[in-house]
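J.: Sequence first, then the predicted structure, then my questions.
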Amino acid sequence: EALVREARLAAMAGPGPSYGSTGTEDDLRISCANFTEALRKLPELKQKVLAKSLEPYKWTFTLVLAAAMFCACVAVTRFREGWTVVDSSYFSVVTFTTIGLGDLVPSQAGFSSWGIYFYLSALGVTALLVSALVDVSEDV
């Protein structure tokens, strides 16, 4: 009952009756219907606002994550396999893009268990990077 009273006061304190009415209960019903409709659309609105507010950071996040994964792969293959930086970088690019030529293959047995998790993560990062590139190409 108190909420109805507050809604009536809010409706009366608003810009006034619309459509030529005199501030009757019909106006209150219209106000409540509009308010209910607005509450129903609130999650959609929140999602749109959040997506738009995070959009400038998409590239930053994607590039930092891809660079971190690339550097981690280069470092691990460099020190565990004893490859040069160029070979480690080449292996990382071939792995990230799922080309997998097979000319460089890790020989350490322990690398396989780490590699599976890394490959799956790298696949996700590559998909994120391609998605960001597609978004940018659509904007241009």
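T.: Sure thing, it's come through.
J.: separation between residue 91 and residue 62?
T.: When CB to CB, to the nearest Å is applied, the distance between residue 91 and residue 62 equals 22 Å. Heads up, the C-betas are built off the backbone N, CA and C, glycines and all.
J.: what about the two, which has more around it?
T.: Comparing residue 91 with residue 62 by neighbour count (other CB atoms under 10 Å), the higher total belongs to residue 91, at 22 against 18.
J.: Spit out the contact partners of the more buried one.
T.: With contacts taken as CB atoms under 8 Å, 6 or more residues apart in numbering, residue 91 has the following neighbours: 73, 77, 83, 104.
J.: what's the helix or strand for residue 95?
T.: When secondary structure is defined using DSSP states H and E, the element that contains residue 95 is helix 85-96.
J.: I'd like the next helix or strand past that helix.
T.: helix 109-139.
J.: okay, the angle between that next one and helix 85-96?
T.: The directions of helix 109-139 and helix 85-96 differ by 70 degrees, with axes from the mean of the first three to the mean of the last three CA atoms, to 10 degrees as the criterion.
J.: Show me which positions of helix 109-139 end up buried.
T.: By neighbour count, with 16 or more other CB atoms under 10 Å as the criterion, the buried positions of helix 109-139 are 111, 115, 118, 122, 125, 126, 129, 132.
J.: Can you name every helix or strand that it contacts?
T.: With contacts defined as 3 or more CB pairs under 8 Å, 6 or more residues apart in numbering; DSSP states H and E, helix 109-139 has these neighbours: helix 25-81, helix 85-96.
J.: least reliable of those going by mean pLDDT?
T.: Confidence, taken as mean pLDDT, is least for helix 25-81 of the helices and strands packed on helix 109-139 (a mean of 75).
J.: returning to that earlier point: export the buried residues of helix 109-139 to JSON lines and tack on pLDDT?
T.: Below are the buried residues of helix 109-139 laid out as JSON lines (pLDDT from 0 to 100):
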{"residue": "111", "pLDDT": "75"}
{"residue": "115", "pLDDT": "79"}
{"residue": "118", "pLDDT": "84"}
{"residue": "122", "pLDDT": "88"}
{"residue": "125", "pLDDT": "88"}
{"residue": "126", "pLDDT": "87"}
{"residue": "129", "pLDDT": "85"}
{"residue": "132", "pLDDT": "80"}
